[in-house]
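S.K.: let's see this in three dimensions:
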Amino acid sequence: MLKINHVILAFMLVVIGLPAQAQQYKNFKVAIYSRSYETKLMADEQWLDKTWTEVTNQLKVDKIYLETHRDLVMVDQKTLDIAKAYFKKKGVEVAGGITWTIDESNNFETFCYSNPEHRKKVQDIIEFTAKNFDEVIFDDFFFTSCKSDIEIKAKGNKSWTQYRLDLMTEVAKNVMIASAKKVNPNVKVIVKYPNWYEHFQGLGFNLETEPKLFDGIYTGTETRDATLSAQHLQEYLGYEVIRYFENIAPGRNGGGWVDPFGSKTYDRYGEQLWLTLFAKAKQVALFDLKNIQTPLDEKYKAPWQGTGTSFDYAQMMKPVQVNGKSVKPTTIARVAGVTFEEVDKFLGELGKPVGLKSYKPFHSTGEDFLQNFLGNAGIPIEMVPYFPKDDSIILLTESAKSDPQLVPQIKAQLTAGKKVVITSGLLKAIQDKLNDIVELQYTDRKALVKDFFFNGKSYHGNKAILIPQIQYLTNDSWEVISSYDGPNGWPLLHGADYSKGRLLVLAVPENFADISQLPVEVLTKLKRELSDDKTVLEAPGQMSLFLYDNNTLIVQSYRDEPVDVKISTLKEFTQLKDLRTSEVLKAEIRNPDMHWGKAVGNEKSVFSLSLKPHSYRVFKLQ
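M.R.: I've put the predicted structure just below:
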């Protein structure tokens with residue numbers, strides 16, 4: 001009977017055109033994106049087979065996206081037929097892809113969507129692609145930067161942001177989706193959003209309307225090098241942007257998209273891949289077929305290799321067993337392969353990601369990407385597009401100023417006995433409206449500080465950081481963490497009681513990265529205040545803590561040297577089990593701190609552990 005069922009299943013898969021191959025990794029799928037330049041080469045079946053064999057000798061792949069258009073380069077029908085037949089025979093799921101650029105090399109030149117000729121061109125492209133595939137994904141460029149005379153006239157008196165938001169919503173609905181479904185009613189049209197979410201609205205990416213129109217969304221999790229790349233994106237963004245988009249379109253965020261560009265070491269490429277999976281992405285798409293064939297080069301071997309790091313260069317270079325044959329790794333596809341194999345061992349044991357809810361309204365700006373700097377300092381963050389009224393503690397950055405109902409909602413939280421944390425940037429934007437809660441002033445003065453004080457003790461930092469000076473009325477509110485320089489001081493974290501709740505104000509350093517330069521004790525105090533004093537990572541900056549709702553957690557270091565850290569948590573947890581090694585750490589009980597003769601907080605279980613450079617450890621609290 002079992003054999004008959006398998007036969008029936010195989011027959012059904014053939015009939016409906018789905019691949020018979022099972023998912024290759026247990027907890028996620030892997031896809032590869034092929035640009036139109038490489039898809040065109042698939043007319044040569046020998047090239048195609050040689051290329052695909054080399055890739056899949058090093059990496060398990062479930063799906064391929066075959067791009068039909070980029071930079072006005074179109075793939076012909078004959079070539080698509082050859083490619084689709086090849087991958088169907090291999091049992092690989094096939095989807096289409098489109099990049100809406102006229103010329104990437106010309107500052108990513110996009111189409112002008114009010115130009116009738118351009119609209120006809122894009123309609124032809126989407127209809128051709130939808131005829132060939134039941135799923136079509138748009139690469140990063142479904143936006144417009146065009147300021148042609150036609151667009152200037154069409155814009156009228158609107159701002160460029162409002163004009164583009166309205167235009168691209170209309171194009172999504174009436175050109176892209178309608179045209180695709182006209183020729184193929186079964187097609188699913190997916191929009192992939194890139195990593196620069198703070199600035200989407202200015203180019204017409206509409207996170208408020210588009211996720212409701214498209215059949216799904218996809219997430220760019222590329223962070224590359226935080227220092228040397230033009231965007232300076234923090235590593236935590238590779239995790240956080242998945243969570244934000246999942247909260248925008250629950251259950252319809254298809255996965256994370258990573259490329260190998262701008263990584264000084266192979267560790268950094270692997271790091272981007274595993275951070276994407278830590279966020280519980282359903283699928284990882286590797287961009288692109290050409291670049292994952294880049295030959296391995298020892299110059300990208302990190303100086304800390306050989307010390308037992310999470311990405312192990314020596315392990316990666318070991319031959320792979322493929323169909324009973326030993327195959328030597330040759331390209332960076334193997335970096336992805338060895339990373340996926342390791343993460344797949346424990347990913348299924350993790351629950352749903354949780355963290356401090358941070359409200360970022362649609363189309364908002366202010367303190368760009370600040371949540372990721374906080375995440376890099378060890379504060380778990382969960383960005384949401386709605387006001388998180390059900391949470392006992394929330395974080396509001398300057399971007400929340402765009403909500404006209406913000407202050408009444410803050411009052412409601414405080415009246416309900418909850419804690420609201422706001423940043424100095426938000427204070428500056430709404431301080432007049434906050435006066436009914438607490439009279440604080442964001443001054444234009446700055447302070448250069450490296451010394452801090454709380455609970456009767458002083459702490460010295462290694463680097464002076466520049467913070468805004470916040471002025472307050474003595475006894476109406478008080479400093480929670482003080483900072484000082486010589487005989488003068490200013491609040492780093494300030495607190496004010498209101499009704500049954502508490503408002504905290506964080507003085508954000510002028511350089512957001514300086515949050516990670518705070519002394520360990522100061523960072524730990526900050527984390528306690530922002531986490532209701534539950535599970536806290538006591539560690540220097542440039543480290544992240546990922547929490548899950550089933551008492552599992554991950555500690556990640558982005559540092560170039562080993563580091564000793566502590567995890568403090570509720571007293572009820574007495575053991576910390578390493579899910580990769582099965583090692584069990586025993587808790588030490590820590591008494592509460594004392595201040596003015598009173599206990600501050602509760603007894604805690606504390607676990608001591610160490611991390612290698614650019615490595616992670618995975619645990620379960622027991």
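S.K.: contacts, neighbours, all on C-alpha from now
M.R.: Noted.
S.K.: does Asp578 touch Tyr616 like I think?
M.R.: No - contact criterion Cα atoms under 8 Å: Asp578 and Tyr616 do not qualify, at 10.9 Å.
S.K.: pLDDT weak spots in the chain?
M.R.: 1-22 (pLDDT under 70).
S.K.: rerun at 80
M.R.: By pLDDT under 80, the low-scoring segments of the chain are 1-22, 532-533, 593-601.
S.K.: list the contacts for the nearest residue to Gln371 once chain neighbours are set aside?
M.R.: For Gln371, ignoring the flanking residues on the chain, the nearest one in space by Cα to Cα, 6 or more residues apart in numbering is Ile381 at 6.8 Å. Residues near Ile381 by Cα atoms under 8 Å, 6 or more residues apart in numbering: 240, 354-358, 371, 374-375.
S.K.: about what we covered before: compare neighbour counts for Asp578 and Tyr616 and give me the winner.
M.R.: Per other Cα atoms under 10 Å, whichever of Asp578 and Tyr616 has more neighbours is Tyr616, with 22 against 18.
S.K.: right, and Val354 touches Thr552 too?
M.R.: No - between Val354 and Thr552 there is no contact under Cα under 8 Å: 10.5 Å.
S.K.: list the buried residues for whichever helix in the chain runs longest?
M.R.: Counting residues, the longest helix found in the chain (DSSP state H) is helix 116-132. Neighbour-count burial for helix 116-132 flags 119, 122-123, 125-132 (criterion: 16 or more other Cα atoms under 10 Å).
S.K.: same deal with stretch 513-533?
M.R.: 513-531, 533.
S.K.: can you list the contacts of Ile381 in CSV and add secondary structure?
M.R.: Compiled in CSV, those are given as follows (DSSP: H, G, I helix; E, B strand; the rest coil):
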residue, secondary structure
Glu240, helix
Val354, strand
Gly355, coil
Leu356, strand
Lys357, strand
Ser358, strand
Gln371, helix
Leu374, helix
Gly375, helix
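S.K.: closest one of those to Val327?
M.R.: The nearest member of the contacts of Ile381 to Val327, counting by Cα to Cα, is Glu240 at 36.2 Å.
S.K.: contacts for the strand or helix carrying Thr169?
M.R.: Taking DSSP states H and E as the definition, Thr169 sits inside helix 160-171. Applying Cα under 8 Å, 6+ apart, the contact partners of helix 160-171 are 113-114, 143-144, 155, 201-206, 209-210.
S.K.: quick one, which of Val354 and Thr552 is more surrounded?
M.R.: With neighbours defined as other Cα under 10 Å, Val354 and Thr552 compare such that Thr552 has more, 22 against 17.
S.K.: so what's the more buried one bridging to?
M.R.: Beta-bridge partners recorded for Thr552 (DSSP bridges): Lys620.
S.K.: now do it against Leu347, distance only.
M.R.: 10 Å (Cα to Cα, to the nearest Å).
S.K.: in CSV: the contacts of helix 160-171, plus secondary structure and distance to Thr569.
M.R.: CSV is the format used below for the contacts of helix 160-171 (DSSP: H, G, I helix; E, B strand; the rest coil; distance: Cα to Cα, whole Å):
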residue, secondary structure, distance to Thr569
Tyr113, coil, 54
Ser114, coil, 56
Phe143, coil, 45
Thr144, coil, 48
Lys155, helix, 55
Gln201, helix, 40
Gly202, helix, 42
Leu203, helix, 44
Gly204, coil, 44
Phe205, coil, 41
Asn206, coil, 40
Thr209, coil, 41
Glu210, helix, 41
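S.K.: if we take those residues, which one ends up nearest to Ser364?
M.R.: Gln201 (8.2 Å).
S.K.: was I right to think the closest one contacts His363?
M.R.: Yes - between Gln201 and His363 a contact is recorded at 5.4 Å, counting by Cα under 8 Å.
S.K.: what do the two both touch?
M.R.: Shared contacts of Gln201 and His363 (Cα under 8 Å, 6+ apart): none.
S.K.: return the backbone torsion pair for Tyr558.
M.R.: Taking degrees, to the nearest 10, you get phi -100, psi 10 for the backbone angles of Tyr558.
S.K.: and it, what does it touch?
M.R.: When contacts are counted by Cα under 8 Å, 6+ apart, Tyr558 touches 235, 542-543, 613-615.
S.K.: hmm, 10 Å instead?
M.R.: 235-236, 268, 271, 376, 541-544, 612-616 (Cα atoms under 10 Å, 6 or more residues apart in numbering).
S.K.: which of the residues you listed fall in strands?
M.R.: Judged by DSSP state E, the subset of the contacts of Tyr558 located in strands is 543-544, 616.
S.K.: what is the nearest of those to Gln431?
M.R.: Nearest to Gln431 out of these is Ser544 (Cα to Cα; 31.4 Å).
S.K.: and the closest one, how many neighbours?
M.R.: Ser544: 26 surrounding residues under other Cα under 10 Å.
S.K.: hey, what's it bridged with?
M.R.: Going by DSSP bridges, Ser544 forms beta bridges with Gln556.
S.K.: and if you look at Ser34?
M.R.: Beta-bridge partners, per DSSP bridges, of Ser34: Leu66.
S.K.: in the next helix or strand after the helix holding Thr169, what counts as buried?
M.R.: Using DSSP H and E, the next helix or strand after helix 160-171 towards the C-terminus is helix 178-183. Of the residues in helix 178-183, 178-181, 183 count as buried by neighbour count, 16+ other Cα under 10 Å.
S.K.: also stretch 499-509?
M.R.: For stretch 499-509, using 16+ other Cα under 10 Å, the buried residues are 501-509.
S.K.: which of those residues fall within helices?
M.R.: Short answer: these have none in helices (DSSP H).
S.K.: picking that back up, okay, and the common contacts of Val354 and Thr552?
M.R.: With Cα under 10 Å, 6+ apart as the test, Val354 and Thr552 both reach Phe546.
S.K.: follow-up on the earlier one: of the buried residues of helix 178-183, closest to Ile332?
M.R.: Out of the buried residues of helix 178-183, the member with the shortest distance to Ile332 (by Cα to Cα) is Ala180, at 35.2 Å.
S.K.: now for the closest one: which residues touch it?
M.R.: For Ala180, the residues meeting the contact criterion (Cα under 10 Å, 6+ apart) are 123-131, 133-136, 174, 186-189.
S.K.: over to Asp134?
M.R.: 94-96, 180-181, 184-189.
S.K.: give the buried subset of those as a ChimeraX selection command.
M.R.: Buried members of these, defined by 16+ other Cα under 10 Å, are picked up in ChimeraX with:
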select :94,95,96,180,181,184,187,188,189
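S.K.: now, the contacts of Asp134 that are in helices?
M.R.: 180-181.
S.K.: among the contacts of Asp134, which one sits closest to Val335?
M.R.: Val94 (23.4 Å).
S.K.: hmm, back to that, quick one: the longest helix of the chain to helix 160-171, angle?
M.R.: Using axes from the mean of the first three to the mean of the last three Cα atoms, to 10 degrees, the direction of helix 116-132 lies 40 degrees away from that of helix 160-171.
S.K.: tell me what whichever helix or strand comes after helix 116-132 is packed against?
M.R.: Toward the C-terminus, helix 116-132 is succeeded by strand 135-138 as the next helix or strand (DSSP H and E). Judged by 3 or more Cα pairs under 10 Å, 6 or more residues apart in numbering; DSSP states H and E, strand 135-138 is in contact with strand 63-70, strand 93-98, helix 116-132, strand 188-193, strand 216-220.
S.K.: how about a cut-off of 7 Å?
M.R.: Judged by 3 or more Cα pairs under 7 Å, 6 or more residues apart in numbering; DSSP states H and E, the packing partners of strand 135-138 are strand 93-98, strand 188-193.
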